[in-house]
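Provide a 3D model corresponding to the input given below.
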Amino acid sequence: AIASKTDAAYERAFQALGGRADAEAKIARLQDIWNDASRPIEARERDIYNFVKDIDRASTWKKLEEFWLNSILSNPITHEINIIGNSTLMVAERLVTRLAASTVEELLTLHGTLRPKAVTYAETLVGAVRMFTATRQAAKKALAYAKTGVSEVDVNKFREAGTIGPQRALEGSAGVILNLPTRLLGVEDAFAYTMAYEGELAAQAARQALQEGLRPFSAAFAKRTAELTATDAVKAAATKSADYITLKTAPDKITESILSVRRTVPGARFVLPFVQTPMNLVKRGFDYSPLGFTELFKKGLSHEDKALIAGRAIVGSSILAYFATRVAQGEVTGPAPSNAKERELFYDSGYRPFAIKVGDAWVEWGRFEPLVTPIKWALAARQAYEDSGAELTPDVVGPMLAAMGRALIDTTYLSGMSNFINALEDPAGSGERALSRIVSGGVPFSGLLRGLAGVEDPYLRDPNGLVQRIEANLPGFSRAVNPLLNILGEPIT
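Numbering: from 1, shown residues only. Take a look at the predicted model:
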């Protein structure tokens, strides 16, 4: 309407907002929110963001999708994985990776490379200390998100670009309760994001102060870093780092194309409930692997970009090498064998998929993604090779690559895609499991109930049919389903 400057266009715009009177009432409400001098600007901005986001009424289909999504996200394991993933990548990125990158920079200097160091030990120390001491501020931001459902990042993007996050479809008190799982995930991410942001903010300011010749940790250094943290360049670098750590990097062309398909195909959300997060997870796994070194050949990289790329690849390659030695000693497991008898023997022997032996126990390591993601790929390829029982031939390479692809999508965030592919390959078995997952999502807090069933019922169950598959995930009902038996006819725990 503003671009055309015609009365007809303005009238159509008013109609889209519910009519002229309704539009004027909404504008008046916005003015009232902004002019309320009794509240701080940050609170008013959050209120405006929420008001604008909720102007458009959600369709019934959107409400069903939101209900289902929150239902499957209510499993405590999902939140455990989210917290572990955020913490693991935060420590790796802010401390270990930057120590490796600083070492690379020191070695380059020893070999006569005359330029300012892109990453230094001093800034790494400053950033790490600030990250760990920002917990109080992070808790404050997380609490604000718990109360409002809006993060500071959302408000900043709305202020700068006019973009708003996903609309909340479920309204009222019932909507607040049913949206608790996604609200809790937002709280976890707000806490991690603040810590990551504050750490990088301090590190970037420290680097610039060092490049200006100030002595580390002097009074002048502290004063200058405080000034630099208020600059746009330092804030932008901190935002980029926090987005990287919390998997909020903007979608690339491939991710955007997948999102576009999901938006246009009815019901696609039930197959692909998550896209941006798992795609970013895969990219981080690539970065923290030997393959990450290939990123150094990209054009237009800054010295800092190259140092961090090298640091991530070094850290990931070191982790991969350590696991390789433990695999050779028989102390690391990958995916369970695909052969039914071998799979049964695998569990009967006390093994668990993606676990490492610590003392006499097997401890799962698969949740420490994305640092262990490349290890999953390698072990999946190794298992496919062993299952083939043949030499490394072109006929064997195909199944190995397929196994790596399956490991790529067989994660919590991409389990919907994995279930869909399995259903196409095995409609009777896997298809039934995929359907039961979608149907069980219609039970409020089905993920939480599945977790409680696993605690209340000590045995694995062998459901037969769609109804039993749903019952197997419900506390109290799971015991009515036959237990899964080992080769001796004993229930498997």
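
tell me the contacts of Leu291?
Ala313, Pro374 (CB atoms under 8 Å, 6 or more residues apart in numbering). From N, CA and C alone the C-beta is placed, and that goes for glycine too.

ok but it is inside a helix, no?
Yes - using DSSP: H, G, I helix; E, B strand; the rest coil, the secondary structure at Leu291 is a helix.

how much space between it and Val96?
Separation of Leu291 from Val96 (CB to CB, to the nearest Å): 18 Å.

same check, this time on Phe368
Phe368 is 13 Å from Val96, by CB to CB.

wait, Trp365 sits on Ala355?
Yes - assessed by CB atoms under 8 Å, Trp365 is found in contact with Ala355 at 6.5 Å.

spatially central, which residue of this structure would that be?
With distances taken as CA atoms, centre = their mean, the residue of the chain nearest its centroid is Thr277 (4.4 Å).

any idea how far Thr249 is from it?
Counting by CB to CB, the gap from Thr277 to Thr249 is 10 Å.

same check on Arg269?
For Arg269 relative to Thr249 (CB to CB), the value is 21 Å.

tell me which of the two has more neighbours.
In terms of neighbours (other CB atoms under 10 Å), Arg269 is the more surrounded of Arg269 and Thr249; the figures are 20 against 16.

quick check: longest helix of the protein.
The residue-count maximum for a helix in the chain (DSSP state H) belongs to helix 180-211.

list the buried residues in it.
Using 16 or more other CB atoms under 10 Å as the test for burial, helix 180-211 gives 181-210.

what does stretch 359-374 give?
Trp362, Trp365, Gly366, Arg367, Phe368, Glu369, Pro370, Leu371, Val372, Thr373, Pro374.

and for stretch 350-357?
Result for stretch 350-357 [16+ other CB under 10 Å]: buried residues Pro353, Phe354, Ala355, Ile356.

ok, the second one - contacts?
Looking back up the chat, that one is Phe354. Thr333, Gly334, Pro335, Glu364, Trp365, Gly366, Val372, Lys376, Leu379.

ok, it to Ile314 distance?
Distance of Phe354 to Ile314, given as CB to CB: 23 Å.

so Leu214 lies in a strand, does it not?
No - counting by three-state DSSP, one finds Leu214 to be coil, located in no strand.

ok, back up a step: so which of the contacts of Phe354 sit within helices?
Mapping these onto helices (DSSP H) picks out Lys376, Leu379.

tabulate the contacts of Phe354 (JSON lines), appending pLDDT and distance to Asp462.
Shown next, in JSON lines, are the contacts of Phe354 (pLDDT from 0 to 100; distance: CB to CB, whole Å):
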{"residue": "Thr333", "pLDDT": "87", "distance to Asp462": "22"}
{"residue": "Gly334", "pLDDT": "82", "distance to Asp462": "24"}
{"residue": "Pro335", "pLDDT": "77", "distance to Asp462": "20"}
{"residue": "Glu364", "pLDDT": "86", "distance to Asp462": "22"}
{"residue": "Trp365", "pLDDT": "87", "distance to Asp462": "27"}
{"residue": "Gly366", "pLDDT": "82", "distance to Asp462": "23"}
{"residue": "Val372", "pLDDT": "88", "distance to Asp462": "30"}
{"residue": "Lys376", "pLDDT": "83", "distance to Asp462": "26"}
{"residue": "Leu379", "pLDDT": "82", "distance to Asp462": "26"}
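
could I get the contacts of Phe354 as TSV with distance to Ile83?
Output for the contacts of Phe354, formatted as TSV (distance: CB to CB, whole Å):
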residue	distance to Ile83
Thr333	24
Gly334	25
Pro335	24
Glu364	15
Trp365	16
Gly366	15
Val372	16
Lys376	20
Leu379	24
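
which of the contacts of Phe354 lies closest to Leu449?
Glu364 (22.0 Å; CB to CB).

test my guess that the closest one contacts Lys357.
No - contact criterion CB under 8 Å: Glu364 and Lys357 do not qualify, at 11.5 Å.

so Ser446 makes contact with Ser71?
Yes - counting by CB under 8 Å, Ser71 is a contact partner of Ser446 at 4.7 Å.

check contacts around Gly311.
Applying CB under 8 Å, 6+ apart to Gly311 gives the contacts Thr97, Arg98, Leu99, Ala100, Ala101, Ser102, Val104, Val119.

same check on Ile438?
Applying CB under 8 Å, 6+ apart to Ile438 gives the contacts Trp68, Phe270.

repeat that for Met131.
Taking CB under 8 Å, 6+ apart as the contact definition, Met131 lies against Met90, Arg94, Met195, Ala196, Glu198, Gly199, Ala202.

what's the farthest-apart pair in these?
Using CB to CB, the pair of these lying farthest apart is Met90 and Ala202, separated by 14.1 Å.

mind listing what's buried in the one helix or strand Leu452 maps to?
Using DSSP states H and E, Leu452 falls within helix 446-456. By neighbour count with 16+ other CB under 10 Å, helix 446-456 contains the buried residues Ser446, Gly447, Leu448, Leu449, Arg450, Gly451, Leu452, Ala453, Gly454.

buried residues in stretch 335-354?
For stretch 335-354, by 16+ other CB under 10 Å, it's Pro335, Ala336, Pro337, Glu344, Phe346, Tyr347, Pro353, Phe354.

Throw those into JSON lines and include secondary structure and distance to Ser218, thanks.
Output for the buried residues of stretch 335-354, formatted as JSON lines (DSSP: H, G, I helix; E, B strand; the rest coil; distance: CB to CB, whole Å):
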{"residue": "Pro335", "secondary structure": "coil", "distance to Ser218": "54"}
{"residue": "Ala336", "secondary structure": "coil", "distance to Ser218": "57"}
{"residue": "Pro337", "secondary structure": "coil", "distance to Ser218": "61"}
{"residue": "Glu344", "secondary structure": "helix", "distance to Ser218": "66"}
{"residue": "Phe346", "secondary structure": "helix", "distance to Ser218": "60"}
{"residue": "Tyr347", "secondary structure": "helix", "distance to Ser218": "60"}
{"residue": "Pro353", "secondary structure": "coil", "distance to Ser218": "53"}
{"residue": "Phe354", "secondary structure": "coil", "distance to Ser218": "48"}
